[in-house]
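Participant: Let's see this in three dimensions:
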Amino acid sequence: MDRRELLGLMGIGAAGLLSATAREATARDHEHHEHDEHLKTLGECAKICNEAAHHCLGELKKESSGHREHHARAHELTMDCQAFCTLAATLTARSSPLAQYAHQACAEACKCCAEECEKGQAEIMKDCAKKCRECEQGCRSMCKAGGSQEKTTSVR
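Facilitator: Sure thing, here's the model as predicted:
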């Protein structure tokens, strides 16, 4: 019995194989679209964090700034958040097995950054908080899609 006959007996003809292949391709396309959207969100978050950090640095340079502690903390968190967004995007783009851990850390960095930026009065700070919340949500989704948090990855 050749392969074609065996597949026929199993009820999987050429059309069935093509259909299964098409479903797999569609699933891969959907997954790539989700990754592309998340990469876009990570990039936007990194950008707004840099802009907010620049704003905070400008405020810290003013001697009359009454919110120096807030701006110092926000500057630190926006720079850290930007770094985590960049790392998560880099690992995602190259399909690293460690990407889920970067997303977990990025989600936490985005949460902390958003909390501090929400205390700010400037529009840039509000925009940063909003984008960080979106990015946090996306990173948490990527963690769930990547499997169990308790799963260990062995890199050799």
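
Participant: Do me a favour and get the end-to-end distance for stretch 91-100?
Facilitator: End-to-end span of stretch 91-100 (CA to CA, to the nearest Å): 9 Å.

Participant: Could you tell me how far it lies from the centre of the chain?
Facilitator: Mean C-alpha position of stretch 91-100 versus that of the full chain (CA atoms, centre = their mean, to the nearest Å) differs by 11 Å.

Participant: In it, which residues are buried?
Facilitator: Neighbour counts using 16 or more other CB atoms under 10 Å place Leu91, Thr92, Ser96, Ala99, Gln100 of stretch 91-100 among the buried residues. For every residue, glycine as well, the C-beta is placed using N, CA and C.

Participant: now it: mean pLDDT?
Facilitator: Averaging pLDDT along stretch 91-100 gives 93.

Participant: For Leu39, give me its contacts.
Facilitator: Contacts for Leu39 (CB atoms under 8 Å, 6 or more residues apart in numbering) come out as Ala89, Thr92, Ala93.
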